[in-house]
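Visitor: Predicted model, plus sequence, below.
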Number of protein chains: 2
Amino acid sequence: MKGGGSIEIGEVSKDAYRKKGVKRGLSIMDFILRIIGGVATLASAVSMATTDERLPFATAFIQFRAEYDDLPSFVFFVMANSVVCGYLVLSLILSIFHIVRSTAVKSRIFLIVLDMAMMSLLTAAASAAAAIVYIAHYGNSQANWFPICQQYNSFCERISGSLIGSYIAVALFLIIILLSHVAIFRS
Amino acid sequence: MKGGGSIEIGEVSKDAYRKKGVKRGLSIMDFILRIIGGVATLASAVSMATTDERLPFATAFIQFRAEYDDLPSFVFFVMANSVVCGYLVLSLILSIFHIVRSTAVKSRIFLIVLDMAMMSLLTAAASAAAAIVYIAHYGNSQANWFPICQQYNSFCERISGSLIGSYIAVALFLIIILLSHVAIFRS
């Protein structure tokens, strides 16, 4: 928006200041949400990766034991959460840049595209893990898959719990992307 | 952009026409991609939902049979694909509106938000189904889950194939959302 005559300049710059304030507020909120998202994905990754249950009985050859890397979906889950956590930490740099220079547009669009990709990755990982957790809990009689949670109780509680962090992070990503759009279009 | 003096008007309107042409081109591409996406999700939903295999042998009480609704993840997959297909068909109305009025911005943002939600839904459904398809193919020795594909061969081929349509649609959504952003910011 270009102000026309010199009479309006005072009014225009006051309006611009107000808008800049709103944008700065949105950028600060974006920064906070990214930190929460990073903590949530880190918690998910760590709680899934450190799961390890040994059953109190054993045969001569086998110690019954459940770990996350017995199931490829859980490995994908840990990897995706680690990648997204790393991305969120790195994106803080751009987020701080947006707080300082709150009228930046191109870097915001760049960040939106990356956010969308990371949200898709995290959604995929969380759903794949959730599908396996469901089978672990309830099994499937038609396919003759036995619910392993009947033996590995604490293992199942941990893997179910670790899904929560991921879903929180997906919801935060949705909010972050919406806020970025608001920040861009209030110009 | 508001043109200043009356001398520049011709130039500005020529530039505006060119930009309008680009926007119209993007809108037409958006329309075509939505149709392809709709067909892909429809194909996924139908091919998964009509899967039905009976094994050629039976005991006195059991006819061995595999259908998609034996597994909750596949039911979710069919439902999500149907919902997204319906959404894509309905969104064609707004897409046509964008071809006619190519400078519209608010309706594009509205569509971007819905597109993002639908893309997340489809990603979640496709990943959950893929996780189960993986178990069906390779089983899991630690959890004692048997690979059912050894018996239900054609069932497994169908469910694996039906994933493709969903993943194509997810990729199309990414392109559609990017195109919408380009159409908005070239103003």
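Guide: Received it, and whenever you're ready, just let me know what you need.
Visitor: Going by C-alpha atoms from here, please, whenever you check contacts or count neighbours.
Guide: OK.
Visitor: How about chain A: which residue is closest to chain B?
Guide: residue A:128 (4.3 Å; CA to the nearest CA).
Visitor: pLDDT on the helix or strand hosting that residue, on average?
Guide: Using DSSP states H and E, the element containing residue A:128 is helix A:106-138. On average, the pLDDT along helix A:106-138 is 92.
Visitor: quick one: contacts for the residue of chain A closest to chain B?
Guide: By CA atoms under 8 Å, 6 or more residues apart in numbering or on different chains, the residues touching residue A:128 are A:73, A:77, B:124, B:127, B:128, B:129, B:130, B:131.
Visitor: Kindly recompute the last result at 6 Å.
Guide: Neighbouring residues of residue A:128 by CA atoms under 6 Å, 6 or more residues apart in numbering or on different chains: B:127, B:128, B:131.
Visitor: Which elements pack onto the lengthiest helix in chain A?
Guide: Determined from DSSP state H, the single longest helix within chain A is helix A:9-49. Counting contacts by 3 or more CA pairs under 6 Å, 6 or more residues apart in numbering or on different chains; DSSP states H and E, helix A:9-49 packs against helix A:72-100, helix A:153-185.
Visitor: what residues does chain A put near chain B?
Guide: Chain A comes close to chain B at residues A:123, A:124, A:127, A:128, A:131, A:145, as judged by CA under 6 Å from any CA of the partner chain.
Visitor: Including distance to residue B:167, could those go into CSV?
Guide: Shown next, in CSV, are the residues of chain A next to chain B (distance: CA to CA, whole Å):
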residue, distance to residue B:167
A:123, 14
A:124, 11
A:127, 14
A:128, 14
A:131, 17
A:145, 27
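Visitor: Among those, the buried ones, what's the PyMOL command?
Guide: Buried residues within these, by 16 or more other CA atoms under 10 Å in any protein chain shown, are selected in PyMOL with:
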select buried, chain A and resi 123+124+127+128+131+145
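Visitor: Next, give me the two most distant ones among the residues of chain A next to chain B.
Guide: A:123 and A:145 (25.2 Å; CA to CA).
Visitor: nearest spatial neighbour of the residue nearest the centre of chain A, skipping sequence neighbours?
Guide: Nearest to the mean C-alpha position of chain A, counting by CA atoms, centre = their mean, stands residue A:169 at 3.0 Å. Nearest residue to residue A:169, sequence neighbours excluded (CA to CA, 6 or more residues apart in numbering or on different chains): residue A:37, at 4.9 Å.
Visitor: ok, back up a step: now the longest helix of chain A and helix A:106-138, what's the angle there?
Guide: Calculated by axes from the mean of the first three to the mean of the last three CA atoms, to 10 degrees, helix A:9-49 forms an angle of 30 degrees with helix A:106-138.
Visitor: after helix A:9-49 comes which helix or strand?
Guide: Counting by DSSP H and E, what follows helix A:9-49 is strand A:52-58.
Visitor: who does that next one touch, helix- and strand-wise?
Guide: strand A:63-67.
Visitor: Mean confidence (pLDDT) on the strand it packs on, please.
Guide: pLDDT averaged over strand A:63-67 gives 74.
Visitor: Pretty sure residue A:36 is one of the things the residue nearest to the centre of chain A touches, is it not?
Guide: No: counting by CA atoms under 6 Å, residue A:169 stays clear of residue A:36, with 8.0 Å between them.
Visitor: anything in contact with each of these two?
Guide: Joint contacts of residue A:169 and residue A:36 (CA under 6 Å, 6+ apart) do not exist.
Visitor: still on that earlier bit, redo the helices and strands packed on helix A:9-49 as JSON lines? Include mean pLDDT.
Guide: Putting these into JSON lines (pLDDT from 0 to 100) gives the following:
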{"stretch": "helix A:72-100", "mean pLDDT": "94"}
{"stretch": "helix A:153-185", "mean pLDDT": "90"}
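Visitor: will you turn those into JSON lines that also has distance to residue A:54?
Guide: As requested, the helices and strands packed on helix A:9-49 are exported to JSON lines (distance: least, CA to CA, whole Å):
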{"stretch": "helix A:72-100", "distance to residue A:54": "18"}
{"stretch": "helix A:153-185", "distance to residue A:54": "9"}
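Visitor: And the ones you listed: which comes nearest residue B:19?
Guide: Of all the helices and strands packed on helix A:9-49, helix A:153-185 comes closest under CA to CA, at 19.1 Å.
Visitor: before we move on, back to that, tilt between the longest helix of chain A and helix A:72-100?
Guide: 160 degrees.
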